[in-house]
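> need coordinates for the following:
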Amino acid sequence: MVQAVVFDWFGTLAQWPDGPASNYESIFLSHGHRIDADVFDRYHARWDGIDHAEHSTNRVAYFEWTRQRLTEFAEECGVPEGQRSALVDTILDLDSQGPMVTFPETLAVLGELRQRGLAVGVCSNWGWDLDVALESTGVAPFVDVPVTSARAGWRKPHPAIFEFMVSALDVAPSETVFVGDSWEPDVLGPIRAGMTSVHVCRDLTRSLPELVTGAHRVSGLDQLFQLEVFAVGCKGP
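Purely as a prediction, here's the structure:
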């Protein structure tokens, strides 16, 4: 029986006002530089799934570690040394304070889950200030437990962040559905942790990984309730 639903944040519940693209790209362009796509992919592959607890002891320590990673990323993209600091400052400011907007169906779906009596979590590879974004977008009242990699000390798909999430919600992995737009962090990682997963892909025309056992796919959150896992066996109000 489903007792809880856990959502990824960016690309799943919310996006930047200008669309779902990474804010890194727009910031690089505003500083007169372009992101190398291969470098960008390597950057995420290098850090996703790691244990970084030693950098998550407090906000200052985490920001310093993030600054170091972003500076190395800017260098790999060819940004001259004298221009890296200003570019990284812009990224850090936007990540912590930049306005975000929910997808049109987000709040209605979260409200429906509340009416069904399900616990709701957010588990995101995000910075220290996810709570600010949850409040500003109106999502916070619907969320029982927000977990961000910055504070937890692990990045999805590290198994410990999923263990932390279900423990905080006081549910078993088998009672939990994880919903997200990233294949490895939000689909395969949760499945390995014993959850059911839902891959959110808002563009079904592009090439997509083949679904594996325990995974489902939707093009919008409003399609969640059409899935059998939500149609039967859910906790009632």
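
> just for the chain, where's the confidence low?
19-22, 98, 232-237 (pLDDT under 70).

> strands of the protein, start to end?
For the chain, applying DSSP state E gives strands covering 4-7, 14-15, 101-102, 119-124, 145-148, 176-180, 196-200, 215-218.

> wait, which of these is closest to E135?
strand 145-148 (10.2 Å; Cβ to Cβ). Bear in mind the C-beta positions are built from the backbone N, C-alpha and C, glycine included.

> just the helices from the chain, written as ranges.
Under the criterion DSSP state H, the chain carries helices at the ranges 23-30, 37-47, 59-76, 81-97, 106-115, 130-136, 149-152, 159-169, 189-192, 228-231.

> how much space separates F225 from S124?
The gap separating F225 from S124 is 23 Å, by Cβ to Cβ, to the nearest Å.

> who's more crowded, the two?
Counted by other Cβ atoms under 10 Å, F225 and S124 do not tie: S124 has more neighbours, with 30 against 15.

> what phi and what psi does the backbone show at the nearest residue to that one once chain neighbours are set aside?
Nearest residue to S124, sequence neighbours excluded (Cβ to Cβ, 6 or more residues apart in numbering): W9, at 3.7 Å. Main-chain torsions, W9, degrees, to the nearest 10: phi -100, psi -80.

> thinking again about what came up before, any chance of the helices of the chain in JSON lines, plus distance to T205?
As requested, the helices of the chain are arranged in JSON lines below (distance: least, Cβ to Cβ, whole Å):
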{"stretch": "helix 23-30", "distance to T205": "21"}
{"stretch": "helix 37-47", "distance to T205": "20"}
{"stretch": "helix 59-76", "distance to T205": "30"}
{"stretch": "helix 81-97", "distance to T205": "30"}
{"stretch": "helix 106-115", "distance to T205": "22"}
{"stretch": "helix 130-136", "distance to T205": "29"}
{"stretch": "helix 149-152", "distance to T205": "30"}
{"stretch": "helix 159-169", "distance to T205": "30"}
{"stretch": "helix 189-192", "distance to T205": "25"}
{"stretch": "helix 228-231", "distance to T205": "25"}
